[in-house]
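# let's see this in three dimensions:
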Amino acid sequence: MQSSTQSPVNSKWIALLVAGAFFMENLDGTVITTAVPDIAHSFGVAPLALNIGVSAYLLTLGVFIPISGWVAERFGARRVFAAALAIFTLASVLCGMANSLSEFVWLRVLQGVGGAMMVPVGRLVVLNNTPKEKLISVIATLTWPALVAPVLGPPVGGFITSYASWRWIFYLNLPLGVIALVLAWWLIPDQRAAEPRPFDWPGFLLSGSALLLLTWGAEVVGGQHPDWREAGACLVAGALLLAALGWHLKRAAHPLIDLSSLAIPTFSITIIGGSLFRMAIGAVPFLLPLMFQLGFGLDAFHSGLLVIAVFAGNLMMKPATTPLIRRFGFRPVILVNGLANVTTLAACALLTPATPVWVIAAVLFAGGLTRSMQFSALNTIAFADVPQKRMAAANTLFSTAFQVALGLGVALGASGVRLGHWSAQQLGIGDWTAIDYRLAFLLVALVSLLGLADALRLSPNAGEQVARGAAR
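The predicted structure is shown next:
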C-alpha cells in the first residue's frame, strides 16, 4: 500500500482518532452485558435469548476481519475507515430503535461488519503513517481501548440502563461517530495499493468458517448452561479448518492472509506467545465480576467499583511505558513484566470474601499496571521489524489472531470456573463459593506463563531500532 509521510502532529492526531474509534468499537462489545435483562423485557423474550445479540456481534468481527487488508488495498484506507465508521454509527442508532429480537440481531451483525473494518484498517493507517521512532508511544495510545473498554463497559451499561434507558447505550454513539467521521476524512491520507491482489475466495471461506466455529464454541462455553458437546464439536471443527486454512495460505498465489511475516521473530512471538497472553487477559473481565458477585456476594455496583482498580492501573502505566522500554529494551521488559503479570493473576486465586478491600484493590491495580505494559510492549514489537510493504498483510494476521485470542479467553475463563466448581463439589465445599474461581485464575495464570516462554526466543537487542528511536 502506498503511504505518505505525515507530520508528527498529524501522526499523533491520527493515532488519537483511531484510538477513539477503537474505544467505541470495544465498548460496544461489552457495554450491553448489564443491560441484557432490560433489553429482553423490551422485546418480550427471556434474558438468555439476548445472548445471540452479543454473540452475533463477536462472530461477525471474527468472520470479516481477515478481509480488511484486501478491502483497504482495493478501495483505499481513508474510504474504508470512513465507511466503517459510518456503518458502525448508523447500525448503533438503529440498534437503539429496534423493536424485536430479530431486528436487533441483524443490526448487531451490521454493526460487526463496521467494527471488523474499522479496527484493523485504523491500525494499518497508523502504522503506515508513523515513523519507527514514534512507534512505542503511538502503539501505547492504541492499546488503551482494548484494556479499558472491557472494564468500563459493564458498569457504564448498568449506569445508563438504570438512570436512562438501554437505548441510549447505542444513541450515544451518534455524536461520537459523526465527529470521528469528519476527523477521519480530514486527517487520514488517501492510500491504496497500486495493484490490488485478486480476492482469495477459498481463503475467505476457510477463515470465516474457522473463526465462526471457534468464536461460537467460545460463546457456548461461556454461557450459563453450556452444551459441552456442541462447544467441543465447534472448537475441534474450527481448529481443523484453521489447519486447512494454514495449508491453503502457504500454497495460494495471492493468499487472503500472508503468513510470511511469521518468519520475523519479533512478529512471530506476538502471534504465538502473545495470543496466549491475550487469551489470559481476555478471561479477566469475565472472571472478576463473577467472582465478586457470585463468590463474594457483592452487588453489581460494588463489584464494578473494585474492577475500576484495574482501569486505574492501566492508565497509570501508560506514561511510563515508553521510558521503561527505552531504558531496558523490549526483551527484559516483556519477560520481567510478564512474570509480574502472571503473579498478579495467580494472586487473584488467593483472594477471599474476608480479604480487606484495600488488598483486593491493590492486587487489581497491580494487574492493571502489568497488563498495560505487556499489551503495549507486545503490540509495538510486533511491527518493529516488519517492512513497510508487508505492513498490510502483517496487520491483517495480527488483527485476526487478536480477535480469536480474546474470544477464546472467555472460553478459558469459563472452563476454569466449571473445573473449579467441579473440584469444590468433589471436596464437599459447597455450591458456587469463592473457591470455584481459584482454579480458574491459576489456569489463566498458567496460560499467561506459557505465552511468556515464547518471548525467550527474542534476541537481547530485539526491537532496538524502535527503542533507540524513542530515546531520541
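
# okay, now the unreliable bits of the stretch 301-450 of the chain?
301, 304, 421, 424-435 (pLDDT under 70).

# what about 90?
Low-confidence segments of the stretch 301-450 of the chain (pLDDT under 90): 301-331, 349-355, 368, 372, 375-440.

# was I right about residue 349 contacting residue 442?
Yes - the pair residue 349 / residue 442 is scored as a contact, 5.0 Å apart, by CB atoms under 8 Å. Glycine gets a C-beta too; all of them are placed from N, C-alpha and C.

# ok now the helix or strand containing residue 62, how far from the chain's centre?
Assigned by DSSP states H and E, residue 62 belongs to helix 51-64. Counting by CA atoms, centre = their mean, to the nearest Å, helix 51-64 is centred 13 Å from the centre of its parent chain.

# which strands or helices does that helix pack on?
Judged by 3 or more CB pairs under 8 Å, 6 or more residues apart in numbering; DSSP states H and E, helix 51-64 is in contact with helix 8-30, helix 36-43, helix 101-128, helix 201-221, helix 391-426.

# any buried residues in the fourth one, and which?
Applying a neighbour-count criterion of 16 or more other CB atoms under 10 Å, the buried positions in helix 201-221 are 203-204, 206-221.

# do the same with the first one
Along helix 8-30, the positions that meet the burial threshold by neighbour count (16+ other CB under 10 Å) are 11-30.

# for the shortest one, same thing?
Neighbour-count burial for helix 36-43, with 16+ other CB under 10 Å as criterion, is recorded at 36, 38, 39, 40, 42, 43.

# likewise the third one?
Of the residues in helix 101-128, those scored as buried under the neighbour-count criterion (16+ other CB under 10 Å) are 101, 104-128.

# after it comes which helix or strand?
Taking DSSP H and E, what comes next after helix 101-128 is helix 135-163.

# now that next one, how far from the centre of its chain.
11 Å.

# quick check: angle from that helix to helix 8-30?
Angle of helix 135-163 versus helix 8-30, following axes from the mean of the first three to the mean of the last three CA atoms, to 10 degrees, is 40 degrees.

# who are the packing partners of helix 135-163?
helix 8-30, helix 101-128, helix 168-171, helix 273-290, helix 300-328, helix 357-381, helix 464-471.

# so for residue 417, which of these sits nearest?
Proximity to residue 417 (CB to CB) singles out helix 273-290 among the helices and strands packed on helix 135-163, at 6.9 Å.

# between that closest one and helix 357-381, how big is the angle?
150 degrees.

# quick one: average pLDDT of helix 273-290?
Mean pLDDT, helix 273-290: 84.

# roughly how far is that helix from the heart of the chain?
The answer for helix 273-290 is 10 Å, by CA atoms, centre = their mean.

# how far off helix 201-221 does it point, in degrees?
Using the same axes, to 10 degrees: helix 273-290 against helix 201-221 is 30 degrees.

# send me helix 273-290 as PDB with only the CA atoms.
What follows is helix 273-290 as a C-alpha-only set of coordinates in PDB (Å, rounded to 0.1, in the frame of the first residue of the first chain):
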ATOM      1  CA  GLY A 273       3.000 -16.400  22.800                       C
ATOM      2  CA  GLY A 274       1.200 -13.000  22.500                       C
ATOM      3  CA  SER A 275      -2.000 -14.800  21.700                       C
ATOM      4  CA  LEU A 276      -1.700 -16.900  24.900                       C
ATOM      5  CA  PHE A 277      -1.200 -13.800  26.900                       C
ATOM      6  CA  ARG A 278      -4.300 -12.200  25.300                       C
ATOM      7  CA  MET A 279      -6.300 -15.300  26.000                       C
ATOM      8  CA  ALA A 280      -5.400 -15.000  29.700                       C
ATOM      9  CA  ILE A 281      -6.200 -11.300  29.700                       C
ATOM     10  CA  GLY A 282      -9.500 -11.800  27.800                       C
ATOM     11  CA  ALA A 283     -10.600 -14.100  30.700                       C
ATOM     12  CA  VAL A 284     -10.100 -11.500  33.400                       C
ATOM     13  CA  PRO A 285     -13.100  -9.200  32.700                       C
ATOM     14  CA  PHE A 286     -15.300 -12.300  32.600                       C
ATOM     15  CA  LEU A 287     -14.000 -13.800  35.800                       C
ATOM     16  CA  LEU A 288     -13.700 -10.800  38.100                       C
ATOM     17  CA  PRO A 289     -17.400  -9.700  38.200                       C
ATOM     18  CA  LEU A 290     -18.500 -13.300  38.600                       C
END
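
# would you mark the buried spots in it?
Buried, per 16+ other CB under 10 Å, within helix 273-290: 273-290.

# likewise stretch 58-78?
Per 16+ other CB under 10 Å, stretch 58-78 contains these buried residues: 58-73, 76-78.

# check stretch 157-173 too.
157, 158, 160, 161, 166, 167, 169, 170, 171, 172, 173.
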